[in-house]
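> Quick one, what's the 3D model for this:
(one chain, ligands or ions: 1)
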Amino acid sequence: MSAFEANFDGLVGPTHNYAGLSYGNVASTGNQNVTANPKVAAKQGLAKMKALHDAGFKQGVLAPHERPSVATLRLLGFGGSDAEVIARADKEAPAILAACSSASTMWTANAATVSPSADTADGRVHFTPANLNNKFHRAIEHPTTGRILQAMFRDERHFAHHPALPAQMHFGDEGAANHTRFCAEYDKPGVEFFVFGQAAFDSRYPKPARFPARQTLEASQAIARLHGLKPEQVVYAQQDPETIDKGVFHNDVISVGNGNVLFHHEKSFLDQAAVLDELSRKLSAVGGQFIGIEVPESEVSVEEAVKSYLFNSQLLSKADGKLIIVVPEESRNIERVWHYLSKLTQSGGPIDEVRVFDLKQSMQNGGGPACLRLRVAMSDRELAAVNPAVLMNDTLFTTLNHWVDKHYRDRLGADDLADPQLLLECRTALDELTQILQLGSVYPFQLG
Ligand SMILES: N=C(N)NCCC[C@H](NC(=O)CCC(=O)O)C(=O)O
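Numbers count the residues shown, from 1 in each chain. Take a look at the predicted model:
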């Protein structure tokens, strides 16, 4: 039996825009009101998916959501026809309309936490959609995300789906952006690594002073319980609060891991040496040999890490056992970061190849290669049970590019969000997409 890590990338939705919604994410607030190009954004994402599929990696697609979320606006008291709901929200609360219009579901690292079957008590792959409770525009994602995941991973013999955690800051959960799994092989027991920004019920843990800590320790512990993980195969670590205050709003902005390798910055975690030691001990107990690659502040500062998104990269295992690192163009544009990467790939270590993608449309909202993908490690039998229509291939790539050409605008600014036509365009596109991806009815407008 063989096993794989499949990456499911978020397809950028038709309302992609820059609304400055994510305090603590410096790219999001810094690019507020820049005019977006949803068509280019979707194509940049598709190009990454296709290139990685062509390079031999398992690649899938996660569908975007219905936006603006008229259902949410109705919950907030905006009534009338759909067009009237949008017009009233625009007039009385344009910031709320913008939040309900975000295409933020493209960052599927935040869609859910996923535990592979080799780690869970019942031997199934477990999914818990993230409540994304810290940001209103993201907190409305999880019900639809849950339905889409169930439509992709339907077979109950292999896949288990949990509801999101209680929607409260005490259980703030940002999904796989703060979760990494280490293993010797994808279908062998591994070590699940949960990184949190604060503890909600225990005041002894420090907190950042400036920006919010989105993930709590208690949320991570709840996920580990729900997924039936063994305590000896779980490691919790607190992110260094000072780095959160410098714009590291998720752990995947300061570290990335895959297989037995953790590529991380010197300032990633509190008590970093103890964290690395625990990872190493627990991985060795399940037959793996942990390798930490630590980038010193003197070579790449935390600020440079945030600007370049060096750590918001993907580490992908090649057939020869080495890793390829997938970075955004911004990493090449910062000389010291590019110099570090060149040195890294020539060091004789596990990462020996770098691949660069232009993801500028997503990057301007703080979303790099790693934000755009949700990882699901599966055996070949589990992979065979995935809805095949969501798996990337030449035909799907062509179909989705045509679909984008047909339905997407090439400019979207703040004023366009009030256009009732945008909702119709989005619904028409998504109705067609659910047929392409064979998802059934997953959106509020389809459920009635
Ligand atoms: N690091 C990971 N895994 N994900 C990146 C998420 C970016 C997203 N940006 C936004 O939601 C900005 C939307 C706007 O401002 O229009 C966020 O902050 O949640």
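
> make it CA atoms for all contacts and neighbour counts henceforth
Noted.

> so how far is Gly288 from Ala184?
5 Å (CA to CA, to the nearest Å).

> list the residues that contact both of those two?
Common contact partners of Ala184 and Gly288 (CA atoms under 8 Å, 6 or more residues apart in numbering): Asn260.

> Run a quick neighbour tally on Ser347.
Using other CA atoms under 10 Å, Ser347 is surrounded by 11 other residues.

> Could you pull up the contacting residues of Leu226?
By CA under 8 Å, 6+ apart, Leu226 lies in contact with His162.

> try Tyr186
Contacts of Tyr186 by CA under 8 Å, 6+ apart are Ala3, Phe4, Glu5, Gly259, Ala377, Met378, Ser379.

> you'd agree the last one is up against Lys58?
No - here Ser379 lies out of contact with Lys58, judged by CA atoms under 8 Å, at a distance of 11.8 Å.

> Between these two, which contacts overlap?
Contacts common to Ser379 and Lys58, judged by CA under 8 Å, 6+ apart, are Phe4.

> Let me know the secondary structure of Tyr18.
Here Tyr18 is recorded as coil under DSSP: H, G, I helix; E, B strand; the rest coil.

> Neighbour count says what about the contacts of Tyr186? Which are buried?
Buried members of these, scored by 16 or more other CA atoms under 10 Å, are Ala3, Phe4, Glu5, Gly259, Ala377, Met378, Ser379.

> Would you mind measuring from the last one to Ser284?
Going back to what we said before, that points to Ser379. On the measure of CA to CA, Ser379 and Ser284 end up 22 Å apart.

> go on, Leu439?
From Leu439 across to Ser284, the span is 40 Å (CA to CA).

> neighbour-wise, which of the two wins?
Neighbour totals were compared for Leu439 and Ser284, and Leu439 leads with 21 against 17 (other CA under 10 Å).

> Now do the same for the more buried one: its pLDDT.
On pLDDT, Leu439 comes in at 98.

> Contact partners for it?
Contacts of Leu439 (CA under 8 Å, 6+ apart): Ile148, Ala151, Met152.

> same question, Ser379
Ser379 sits next to Met1, Ser2, Ala3, Phe4, Tyr186, Asp187 when contact means CA under 8 Å, 6+ apart.

> Equivalent analysis for Ser28, please.
Contact analysis of Ser28 by CA under 8 Å, 6+ apart lists Tyr18, Ala19, Gly20, Leu21, Ser22, Gln364, Asn365, Gly366.

> ranking those by neighbours, who comes first?
Going by other CA under 10 Å, Tyr18 tops the contacts of Ser28 with 27 neighbours.

> Can you report phi and psi for it?
Here is the backbone geometry of Tyr18 (degrees, to the nearest 10): phi -110, psi 100.

> before we move on, what about Thr395?
The phi and psi values for Thr395, taken as degrees, to the nearest 10, are phi -70, psi -50.

> coming back round to it: just checking, which of the contacts of Ser379 comes out lowest on pLDDT?
Minimum pLDDT across these falls on Met1, with 61.

> Please enumerate the helices of the stretch 251-400 of the chain.
For the stretch 251-400 of the chain, the helices defined by DSSP state H, counting those that start in this stretch cover 272-285, 302-308, 329-333, 335-345, 360-363, 380-384, 394-407.

> same deal with the stretch 101-250 of the chain?
136-139, 142-152, 217-226, 241-244.

> Looking at those helices, which is nearest to His250?
Shortest distance between His250 and those, using CA to CA, is found for helix 241-244: 7.8 Å.

> Nearest to the ligand: which residue in the stretch 251-400 of the chain?
Residue of the stretch 251-400 of the chain nearest the ligand, by CA to the nearest ligand atom: Cys371 (3.7 Å).

> show me what contacts Phe397?
Phe397 neighbours (CA under 8 Å, 6+ apart): Leu46, Lys50.

> could you check the distance from it over to Glu174?
Here the criterion is CA to CA. By it, Phe397 lies 29 Å from Glu174.

> How about the residues of this protein by the ligand?
17-22, 25, 28, 102, 104, 107, 109-110, 177, 250, 252-253, 365-367, 371 (CA under 6 Å from any ligand atom).

> which SSE is Arg427 in?
Element membership for Arg427, per DSSP states H and E: helix 420-436.

> about what we covered before: of all the helices of the stretch 251-400 of the chain, which lies closest to Arg67?
Closest of the helices of the stretch 251-400 of the chain to Arg67 is helix 394-407, at 13.8 Å (criterion: CA to CA).

> Could you pull up the mean pLDDT of the closest one?
Here helix 394-407 scores 98 as its mean pLDDT.

> farthest pair in the buried ones among the contacts of Tyr186?
The span of these, defined through CA to CA, is set by Gly259 and Ser379 at 14.8 Å.

> tally of neighbours for Glu185?
18.

> low-scoring stretches of the stretch 301-448 of the chain, by residue?
Along the stretch 301-448 of the chain, no part satisfies pLDDT under 70.

> Against which helices or strands is the helix holding Arg427 packed?
With contacts taken as 3 or more CA pairs under 8 Å, 6 or more residues apart in numbering; DSSP states H and E, helix 420-436 sits against helix 82-92, helix 394-407.

> Spit out the contact partners of the residue nearest the centre of the chain.
Residue closest to the mean C-alpha point of the chain, counted by CA atoms, centre = their mean, is Ala109 at 1.4 Å. The neighbours of Ala109, taking CA under 8 Å, 6+ apart as the test, are Gly175, Ala176, Ala177, Ala370, Cys371, Leu372, Arg373, Leu374, Arg375.

> Throw these into JSON lines and include distance to Leu433 and neighbour count, thanks.
Compiled in JSON lines, these are given as follows (distance: CA to CA, whole Å; neighbours: other CA atoms under 10 Å):
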{"residue": "Gly175", "distance to Leu433": "25", "neighbour count": "28"}
{"residue": "Ala176", "distance to Leu433": "25", "neighbour count": "29"}
{"residue": "Ala177", "distance to Leu433": "26", "neighbour count": "31"}
{"residue": "Ala370", "distance to Leu433": "24", "neighbour count": "27"}
{"residue": "Cys371", "distance to Leu433": "22", "neighbour count": "26"}
{"residue": "Leu372", "distance to Leu433": "19", "neighbour count": "31"}
{"residue": "Arg373", "distance to Leu433": "19", "neighbour count": "29"}
{"residue": "Leu374", "distance to Leu433": "19", "neighbour count": "26"}
{"residue": "Arg375", "distance to Leu433": "22", "neighbour count": "25"}
